[in-house]
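need coordinates for the following:
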Amino acid sequence: QVQLVESGGGSVQVGGSMNFTCTLSGTEIRLNYIGWVRKTPGKAREGVAGYYVSNWQPWYADSVKGRFTISRDNYKTTLYLTLNSLRVDDTATYYCTGSRYARTDVDYWGKGTQVTVSS
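Numbering: from 1, shown residues only. As a prediction, the model looks like this:
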């Protein structure tokens, strides 16, 4: 079983920055994609950023390109997400996720961490 544990999150003002960490375990299960998804009440969930595991190619949603940066450790068991130039509409619960097949078909979820951006 894959386990994903996030840390980070909290409250920040518009324009501020934040850092997330996601630690993976149970990686004997082959995943195609690992990354962050965010959810906001009343909105469809949105993929934010992640990696395609086959070649560690990063992927970013258009809404965060140029503002968010994903990285990983050399052991490929920890992901980092740096969020810069935060906006009010970045307010959401952010989940670290793993997908065995398509990026949008999430099989494993972390517990989630709340980010609140205020003006």
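
who is the most centrally placed residue in the chain paired with across the strands?
Centrality entry for the chain: nearest residue to the mean C-alpha point is residue 36, 1.9 Å, by C-alpha atoms, centre = their mean. Here residue 36 sits in beta bridges with residue 49, residue 96, going by DSSP bridges.

surely it meets residue 98?
No - contact criterion C-beta atoms under 8 Å: residue 36 and residue 98 do not qualify, at 11.0 Å. The C-beta positions use only the backbone N, C-alpha and C, and glycine is treated the same way.

ok, residue 30 to residue 54 distance?
Per C-beta to C-beta, to the nearest Å, residue 30 is found 10 Å from residue 54.

would you mark the buried spots in stretch 39-54?
47, 48, 49, 50, 51, 52, 53 (16 or more other C-beta atoms under 10 Å).

give me the contact list for that stretch.
Residues from elsewhere that reach stretch 39-54 (C-beta atoms under 8 Å, 6 or more residues apart in numbering): 30-38, 57-61, 63-64, 68-70, 72, 76, 79, 81, 91-95, 97, 103-104, 112.
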